[in-house]
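Asker: Whatever this is, show me its structure:
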Amino acid sequence: MTLDDIKAAVDAGQTVHWANTGYVVQKDRLGQYLISFLPNGSCIGLTDWEGQRLNGKEAEFFIAQSKDAAENPGRQSRSDGQERGAAPGGAAAHLLRRHREAGGGA
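Answerer: Below you'll find the predicted structure:
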C-alpha cells in the first residue's frame, strides 16, 4: 500500500496493519498517522519527520480482513498474497527500538 492508500483507508475507517495484526495504523487527535503496537501501546510515526518516507515497506501494510473475507479465505487483503506473519528478522521491534533511541519517544 502506498502512503496515500494507507491514509485514505484509515480516514475511511478501515483497519490498516503493518507487518502483522499486532501493529495498527491510527490517526491521533492532532491528525498525525501513527503505527501503534497494540499489546503495549508503543507507537512510531507512519512516516519520517518530513512525512515523505514510510516507516516500513509498502508491501508490509495491509487492510484487515472483514468478517466476510475471513469466511472466504480465498480472498486476500494484501495484493502480494503473502502471509501475515511477523516481519522478517523482527524488523518491527528494531524500528521501534531505533525510533526510541533517536529520541522519538514511544
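
Asker: tell me the contacts of Arg53?
Answerer: Listed by Cβ atoms under 8 Å, 6 or more residues apart in numbering, the contact partners of Arg53 are Thr47. Bear in mind the C-beta positions are built from the backbone N, C-alpha and C, glycine included.

Asker: let's see 10 Å
Answerer: By Cβ atoms under 10 Å, 6 or more residues apart in numbering, the residues touching Arg53 are 3, 47.

Asker: Number of residues surrounding Gln65?
Answerer: Other residues near Gln65 number 19, with proximity taken as other Cβ atoms under 10 Å.

Asker: Residue numbering should commence at 392 henceforth.
Answerer: New numbering, starting at 392: the last item is Gln456.

Asker: so what pLDDT did it get?
Answerer: You'll see Gln456 listed with a pLDDT of 85.

Asker: Quick check: it is in a strand.
Answerer: No: using DSSP: H, G, I helix; E, B strand; the rest coil, the assignment for Gln456 is coil, not a strand.

Asker: Bridging across strands, which residues link to the residue lying closest to Asp402 once chain neighbours are set aside?
Answerer: For Asp402, the nearest residue in space outside its immediate sequence neighbours is Lys418; the separation is 7.1 Å by Cβ to Cβ, 6 or more residues apart in numbering. Under DSSP bridges, the beta-bridge partners of Lys418 are Tyr424.

Asker: I figured Lys418 was touching Gln405, is that so?
Answerer: No: taking Cβ atoms under 10 Å as the definition, Lys418 is not a contact partner of Gln405, at 11.7 Å.

Asker: Nice, that's everything, thank you.
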